[in-house]
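Undergrad: Here is a sequence with its predicted model. Questions after.
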Amino acid sequence: MSLCFAVVALFCLVDLYLQPVSEIQYVLAHESESGYRNQSGSKYGASYFRDNYLHTIKFCANKPYRLRPNEIDTLLVYESVDKRTEQAIQVQQNFNRNENELKVEKLPVDLKTYYKLEDGDSIRLFFSPWRHKLIEYVTYETEGWDKLSFERLQRYQLDHQSLNQWNLTTQVFCFIVFALTAMTWLIKPFEYSVGIFVFNVVITTLLNWIY
């Protein structure tokens with residue numbers, strides 16, 4: 001049974017190093033985990049917090065959308081994710097698309113990206129092929145952002161420290177699972193081996209669900 005945990009960790013680790021899948025999506029809404037914007041209605045208030053997210057969707061092929069007519073700047077306007085989703089579904093139906101459900105991605109981004117992109121702007125995302133985990137992202141600020149290969153993109157040394165730390169944590173969790181699996185086999189006292197096995201269950205579950 002312990003070997004199954006090692007296989008799961010190996011699966012997650014290899015997935016990080018495979019050629020990622022590129023997708024161009026569009027920003028549906030902004031969100032701060034602190035809930036600050038819910039209280040004030042201003043996105044600038046979130047500058048005091050680190051947990052900033054973009055909700056993105058696939059939409060209208062390579063064509064950006066605007067949910068309100070003559071929309072210029074939405075930085076000072078808060079719209080809930082549910083409200084934006086409802087509006088986007090209505091616009092989607094107007095384009096005679098048959099998709100009834102809109103898949104929304106929730107992406108952790110750095111503060112600069114959080115403020116730079118507006119609702120409806122495009123972002124290019126690189127997901128791992130097996131687990132669909134975010135590996136990297138790039139915006140229009142990078143020259144040729146919509147056509148660059150991932151190998152060339154890595155040479156730009158993009159400053160996404162929070163995302164790099166997240167991916168590093170995934171690797172650390174994988175190696176912890178490997179170590180716990182080895183200890184389960186090497187440690188002979190049954191009560192110790194069972195305790196390590198249970199701890200391995202918890203770590204592997206976190207790795208699979210969160211990281």
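TA: Done, it's in.

Undergrad: Student question: in this structure, what's the helix or strand with minimum average pLDDT?
TA: Every helix and strand of the chain was ranked by mean pLDDT, DSSP states H and E. The lowest is helix 36-40, at a mean of 43.

Undergrad: Which of the three states applies to residue 129?
TA: Here residue 129 is coil, with the state taken from DSSP: H, G, I helix; E, B strand; the rest coil.

Undergrad: in stretch 154-171, what counts as buried?
TA: Buried residues in stretch 154-171, counted by 16 or more other Cβ atoms under 10 Å: 158, 160, 163, 166, 167, 170. Placement of C-beta: from N, CA and C, glycine included.

Undergrad: Give me the mean pLDDT for it.
TA: For stretch 154-171, the mean pLDDT works out to 78.

Undergrad: ok, so of the buried residues of stretch 154-171, who is nearest residue 12?
TA: Closest approach between these and residue 12, by Cβ to Cβ: residue 170, at 6.4 Å.

Undergrad: helix or strand right after the least confident helix or strand of the chain?
TA: strand 52-57 (DSSP states H and E).

Undergrad: strand partners of that following strand, parallel vs antiparallel please.
TA: Using DSSP bridges, the strands paired with strand 52-57 are strand 21-32 (antiparallel), strand 104-108 (antiparallel).

Undergrad: Deepest-packed of those, please.
TA: Per residue and on average, the most neighbours among the strands paired with strand 52-57 fall to strand 21-32, with a mean of 20 (mean count of other Cβ atoms under 10 Å).

Undergrad: Point to the residue nearest the middle of the chain.
TA: residue 107 (3.6 Å; Cα atoms, centre = their mean).

Undergrad: Bridged to that one, which residues?
TA: In beta-bridge terms (that is, DSSP bridges), residue 107 pairs with residue 54.

Undergrad: For it, give me its contacts.
TA: Contacts for residue 107 (Cβ atoms under 8 Å, 6 or more residues apart in numbering) come out as 53, 54, 55, 56, 125, 134, 137.

Undergrad: So which other helices or strands are in contact with the longest helix along the chain?
TA: As assigned by DSSP state H, the longest helix anywhere in the chain is helix 161-186. Packed against helix 161-186 by the contact rule (3 or more Cβ pairs under 8 Å, 6 or more residues apart in numbering; DSSP states H and E) you find helix 2-17, strand 104-108, strand 134-138, helix 190-209.
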